[in-house]
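Visitor: Sharing a sequence plus its predicted fold:
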Number of protein chains: 2
Amino acid sequence: MNNTVTKPANIAAIAIHGGAGTILRSAMNTAQEQAYHDALNEILGAGQKILADGGSALDAVACAVSMLEDCPLFNAGKGAVYTHAGTHELDAAIMDGATLDAGAVAMVEHVRNPILAARAVMENSEHIMLVGAGAEAFVAQHGVELVEPEYFHTEARHAQWLRARDKEGMLLLDHDATSQAAEIAPIDPDDKFGTVGAVAIDMHGNLAAATSTGGITNKRVGRVGDSPLIGAGCYANNRTVAVSATGTGEAFMRTVAAYDISARMEYAGQSLKEAAEQVVMDLLPRYKGRGGLIAIDAQGNVVLPFNTEGMYRGFAKVGETAVTAIYK
Amino acid sequence: MNNTVTKPANIAAIAIHGGAGTILRSAMNTAQEQAYHDALNEILGAGQKILADGGSALDAVACAVSMLEDCPLFNAGKGAVYTHAGTHELDAAIMDGATLDAGAVAMVEHVRNPILAARAVMENSEHIMLVGAGAEAFVAQHGVELVEPEYFHTEARHAQWLRARDKEGMLLLDHDATSQAAEIAPIDPDDKFGTVGAVAIDMHGNLAAATSTGGITNKRVGRVGDSPLIGAGCYANNRTVAVSATGTGEAFMRTVAAYDISARMEYAGQSLKEAAEQVVMDLLPRYKGRGGLIAIDAQGNVVLPFNTEGMYRGFAKVGETAVTAIYK
C-alpha cells in the first residue's frame, strides 16, 4: 500500500453478527468456540474479497448473510429454530443505503436463503415486504431456490425445541439464559437470541445492511419480530449508517432501534459510537431490550455493541486482518 | 367554560383520516360528499365523547378506527379492497404513547375489526406483530370477533377490483388517480389510497395512534405495507407525537415516516408543524411517496398534511365543534 491509495478504498469494510445473548465461556468448549471463530472468519473473508474487488456493499452483505444462513451454527436458514408447531418460519430484510431501496420477506417456510428472497423483492417488485406463500410464489419466479422444510432441520435445534416445549409456557430466545430459564439452569446453552446480519461500506462509499432470522424457539406461529422490519432490525442510509440488530425483537420494534441510530446521528449530531451506545446500553434496556447490533457509518467507522454476555461477531476492513469475538 | 377548566382538559383531542389520494370534486356528487362528512363527524363525536368522559387516548383511537373499519365507505374492515386473488388481507397497528406498547396484525382474512385484533396482541401477548392464521387463532382466544370473508364484500370494491384486473399489470392504490390510471381516465374514482387511522391525546396527556387498511386493490397476495408497521404507518410517544399515515406505503416504510416525525421533534427540536410538513411535502415526494398523515403532539397541537388532491379527514378538540374536510 502507498499513498496513492484513495480514501474510499480505505473505508471499505464489513461487519457481521450471528446473534447475541448469554453465551457463557463455561458452557462452551474450545472446539465449539473455534467452530464459531472459523465460520465468522470465513464469512468475513468472502465479504472482504467482494469489497476489495470493487463490489458493492449490497453484494457483500447479501453474500455474508446467505453464508450465515447456510451455516447450521446460526439461527437463520439451515439451523433455524422451530416454532411451537414444529415448523420453521423465516424472516429477512435487506436495505441499500444509496437509494433507500429495501426488500423483506417474513414467514417463509421453503426459501433456502431468505436474504436472497428479500433482495428479489427489492429488485423485482414495487413492494418492500412480502409475507408467507405469496412471498414464496413471487421469489420462485425470480430464481430464488425453494427447499422442502426438512432442509432446515438440525438435530441440535430439534432437541432445543423439544426441551422448550417441556418448559411450559415459555419461549426460548436463541442464546439467552436469563429470566425463567436461568432459574431452571444458570447456564443454559439453549436459551439464545438468534439472528444473523451484516453491514458494509464499499469503496464507493455506499452502505448496505441485511438481517435474517429463524426467530424464537417454540415461538407462536405467525409471530414476526424486528428482523424483517425496515427501521427496527435493519436500516441503511448513505448519509448516516447501516445497522443490523439482534435480540429481543419487540424492544427493537417499539424503539424503532435501527432507524433511531440514524436519526440520532442526522438530527442530534451524535457520533456513531454515541448513538449506538445510547440505544443499546440505555434505551433498549428501558424496554427490557436485550441484545446488540452492528453498525458502520458513512466514514467507515465500525461499532458492535451489545448488552448481553456475548454476541457472535466480527469485522474486517479491506486490506486488514479480520477480527472475530464471542464474549465481552 | 370558565377559567377553572384545567389545561389537560383543554388539550384532549382526536383526529382521524379515511385515506388520501386524488379525490376530485368533479368526480363526487353532493350526496357522496355529505356521506363522507357525516361518517367522519359521527366517528369524531364518538372519540370526543370518550375523551370528554375522561377515557384514554388508546380507547378513543381504537373506537374511532373500529368505526372507520365498520363503515363501508373506507378501505379497512367492511369495504376493504380485493387482492389479486379476489380475497381480502387486512393489516392494522395500534400504539400506546404512554408505554410504547404496541400491537399489530397483518394478512388477517377473518377478523371483523383488525384494530381490535392489534390491541389484543398488544395487551395479551409478549409479541407486537402476529400475521395470518396464527394471528387469527390468537385473537379469537381473546374474544376478538371472526367473520367469514364474505363479510368484507361490497359491490363497489368488487367492481373496482374487476376493473383493476382489466388494466393489466397495474395496482390501484385506493383513491389515487395519477400515473398509469391518469392516462386511462383523468378522473378515476377507483384509483385510491385506502387506509384509515386515528390519533388522540387524552386529558391525562397520554397519546395513542391506530392505523388499519385493506391495502391496495388487486395487490399481490402477501404484500404488507406501512400500516401495521410501528414507525412506518403508526407511531405514538408521549414525549413527542402520535402519527397515523396513509398513502403509497412503501415510501413510508423506506423513510420510516411516522417515527421520523417523532425523531425530528425529539432530536432536531422541530415543531410538529415543521416536522410533519418536511416529511409529507419534502421527504416522501423524493421517494415517490404520495399521501398524508394525521398527527397530534404532546401539547395537543393537531396537523393533517397531505401531498395529494385530497384526504378524508377531521379533528375534534374536547368542548369544540368537530371539523371535517375532503379536499385541499
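Guide: Looks like it arrived, so ask away.

Visitor: Up against chain B, what does the stretch 101-250 of chain A have?
Guide: A:101-102, A:106-107, A:125-135, A:137-138, A:171, A:220-225, A:229-232, A:235, A:249-250 (C-beta under 8 Å from any C-beta of the partner chain). Every residue, glycine included, has its C-beta placed from N, CA and C.

Visitor: Which among those count as buried?
Guide: With burial judged by 16 or more other C-beta atoms under 10 Å in any protein chain shown, the buried subset of these is A:101-102, A:106-107, A:125, A:127-132, A:134-135, A:138, A:171, A:220-225, A:229-232, A:235, A:249-250.

Visitor: any idea how far the closest residue to chain B within the stretch 1-150 of chain A lies from B:L207?
Guide: In the stretch 1-150 of chain A, the residue that lies nearest chain B is A:G134 (2.1 Å; C-beta to the nearest C-beta). Counting by C-beta to C-beta, to the nearest Å, the separation of A:G134 from B:L207 is 34 Å.

Visitor: ditto for A:A135
Guide: Using C-beta to C-beta, we find A:A135 at a distance of 34 Å from B:L207.

Visitor: now what about the longest helix seen in chain A, what contacts it?
Guide: Secondary structure of chain A per DSSP state H: the longest helix is helix A:30-52. Helix A:30-52 has contacts (C-beta atoms under 8 Å, 6 or more residues apart in numbering or on different chains) with A:12-14, A:16, A:18, A:56-57, A:59-61, A:63-64, A:67-68, A:71, A:73-74, A:198, A:200, A:202-203, A:312-316, A:318-319, A:322, A:324, A:326.

Visitor: Need the buried ones from these selected in PyMOL.
Guide: Burial among the contacts of helix A:30-52 is assessed by 16+ other C-beta under 10 Å; the matching PyMOL selection reads:
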select buried, chain A and resi 12+13+14+16+18+56+57+59+60+61+63+64+67+68+71+73+74+198+200+202+203+312+313+314+315+316+318+322+324+326
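
Visitor: Okay, and A:T246 sits in which element?
Guide: In the assignment (DSSP states H and E), A:T246 maps to strand A:241-247.

Visitor: Kindly export the helix or strand that that strand is followed by (C-alpha atoms) in CSV.
Guide: Next helix or strand after strand A:241-247 toward the C-terminus (DSSP H and E): helix A:249-254. Extracted in CSV, the C-alpha atoms of helix A:249-254 (Å, rounded to 0.1, in the frame of the first residue of the first chain):
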residue,chain,number,x,y,z
GLY,A,249,-37.2,-8.2,18.8
GLU,A,250,-40.2,-6.5,20.3
ALA,A,251,-38.0,-3.9,22.1
PHE,A,252,-36.2,-3.1,18.9
MET,A,253,-39.6,-2.7,17.2
ARG,A,254,-41.1,-0.4,19.9
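
Visitor: any idea of the angle the very next helix or strand once past helix A:249-254 forms with helix B:257-268?
Guide: The helix or strand immediately downstream of helix A:249-254 is helix A:257-268, counting by DSSP H and E. On the basis of axes from the mean of the first three to the mean of the last three C-alpha atoms, to 10 degrees, helix A:257-268 is oriented at 40 degrees to helix B:257-268.

Visitor: What residues of helix A:257-268 count as buried?
Guide: Buried residues in helix A:257-268, counting neighbours by 16+ other C-beta under 10 Å, are found at A:A257, A:A258, A:Y259, A:D260, A:I261, A:S262, A:A263, A:R264, A:M265, A:E266, A:Y267.

Visitor: Chain neighbours aside, what residue packs nearest to the fifth one?
Guide: In this case it means A:I261. With C-beta to C-beta, 6 or more residues apart in numbering or on different chains as the criterion, A:I261 has its nearest non-adjacent residue at 4.6 Å, and that residue is A:A275.

Visitor: Confirm that A:G197 sits in a strand.
Guide: Yes. Membership of A:G197 in a strand is supported by DSSP: H, G, I helix; E, B strand; the rest coil.

Visitor: Where do the helices of the stretch 151-300 of chain A begin and end?
Guide: Counting by DSSP state H, counting those that start in this stretch, the stretch 151-300 of chain A has helices at residues A:155-166, A:179-184, A:249-254, A:257-268, A:272-277, A:284-286.

Visitor: got the phi/psi numbers for the residue in the stretch 151-300 of chain A that chain B sits nearest to?
Guide: For the stretch 151-300 of chain A, the residue closest to chain B is A:G222, as judged by C-beta to the nearest C-beta, at 2.1 Å. Here is the backbone geometry of A:G222 (degrees, to the nearest 10): phi 100, psi -10.

Visitor: Pull up the per-residue confidence for the nearest residue to it once chain neighbours are set aside.
Guide: Leaving out its chain neighbours, the residue that sits closest to A:G222 by C-beta to C-beta, 6+ apart is B:G134, at 2.1 Å. Listed pLDDT for B:G134 reads 95.
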